[in-house]
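Q: just need the structure, nothing else, for what follows:
(one chain, ligands or ions: 4)
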Amino acid sequence: MPHRPIDLHTHSSVSDGTETPAELVAAAASAGLAVVALTDHDSTAGWSEATRAVVGTGLTLVPGMEMSTRLGMNSVHMLAYLFDPEDADLVAETARLRDSRLHRAERIVERIGADYDVTWGDVLAQSTPGATLGRPHIADALVAKGLAPDRSAAFAGILHWRSGYYEPHEAPSPVDAITLIRAAGGVPVIAHPATRGRDTNISARSFEQLVEAGLMGVEVRHRENTEAGAERLRELALRHDLITTGSSDYHGTGKPNRLGENGTDPEQLARIVEAATGWRPVEG
Ligand code: AMP
Ligand code: FE
Ligand code: FE
Ligand code: ZN
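A: Ligands and ions are numbered 1, 2, ... in the order given. Coordinates of the predicted model:
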């Protein structure tokens, strides 16, 4: 039997993916995945639709989220698996995050609109009501207006953090996010922590602090982690007995990442399931 991939990081239109949760589940089933985790940015709004869609597919769904956090000027993404989606503190914090993302996106668009023909209405037209808004939706508006050929080009140009239009959004520290996720019975795994450039790179010392706060895993196999960075993560994981994962970070047509391009070992998924007390995987 060929090994069916376990892909623990994907996005739907509940955040910045281009497929609805049901479409994403269908795509994961046709891609031959054994397990898919839905990890929209700062939202669990896709869990129920994905749970219904998985019935009869033979696919297992791991409900999750990718929480935005901030360490100084760096954006750090924290994956969270199998937590209680009704935990009051986590619900309040993610609502605050989505709100701060919304106002930050409005301010970015206001600045871009001074130089280019793009409005807030153009951005809303590119998103589902209630979706966690981010630069990808602004990118889609720029593409629709003919101001960029695709999302990636928009990110490399007008939306780049050095473009003069950029600003970060408010977010909790990674330590606070880890504490919230653990209190909600979830398993925190730091997302793509070894990317090139300034984003999401954390020092060894900060890493030790995250482990002390209750970090349980690291996303090692991800297309944006550098080879050297992934090696360093493997060593850190070994030293601290952390779970290691791999994933596609699929965004539908919003990114070139393909479902199952990187996967997680079954033993590592078993550790996540065993550690979680907030929710269970859904077997379809
Ligand atoms: P934001 O969180 O609003 O600052 O936007 C960053 C998000 O945009 C990340 O979650 C990525 O998934 C997405 N993103 C970053 N770079 C790109 C890119 N080159 N093309 C498409 N999406 C991207
Ligand atoms: Fe994203
Ligand atoms: Fe991310
Ligand atoms: Zn992601």
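Q: how far out from the middle of the chain is the strand or helix carrying residue 231?
A: Using DSSP states H and E, the element containing residue 231 is helix 227-240. In this view, helix 227-240 has its centroid 21 Å away from the chain centroid, taken as C-alpha atoms, centre = their mean, to the nearest Å.
Q: after that helix, which helix or strand is next? Please name it.
A: Toward the C-terminus from helix 227-240 - assigned by DSSP H and E - lies strand 243-246.
Q: what angle sits between the next helix or strand after that following strand and helix 227-240?
A: Scanning forward in sequence from strand 243-246 by DSSP H and E, the next helix or strand is helix 266-275. On the basis of axes from the mean of the first three to the mean of the last three C-alpha atoms, to 10 degrees, helix 266-275 is oriented at 50 degrees to helix 227-240.
Q: pull the CA atoms of helix 266-275 into CSV?
A: C-alpha atoms of helix 266-275 as CSV (Å, rounded to 0.1, in the frame of the first residue of the first chain):
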residue,chain,number,x,y,z
PRO,A,266,1.6,8.8,11.7
GLU,A,267,3.5,8.4,15.1
GLN,A,268,3.7,12.2,15.4
LEU,A,269,0.0,12.7,14.6
ALA,A,270,-0.7,10.0,17.3
ARG,A,271,1.2,12.1,19.8
ILE,A,272,-0.9,15.2,18.9
VAL,A,273,-4.2,13.2,19.3
GLU,A,274,-3.0,11.7,22.6
ALA,A,275,-2.0,15.1,24.1
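Q: who's in contact with it?
A: For helix 266-275, the external contacting residues (C-beta atoms under 8 Å, 6 or more residues apart in numbering) are 6, 8, 35, 62, 81-82, 187, 189, 216-217, 243-245, 280-281. Yep, even glycine has a C-beta here, placed from its N, CA and C like the rest.
Q: which members of these additionally contact ligand 4?
A: Subset of the contacts of helix 266-275 in contact with ligand 4: empty, counting by C-beta under 5 Å from the ion.
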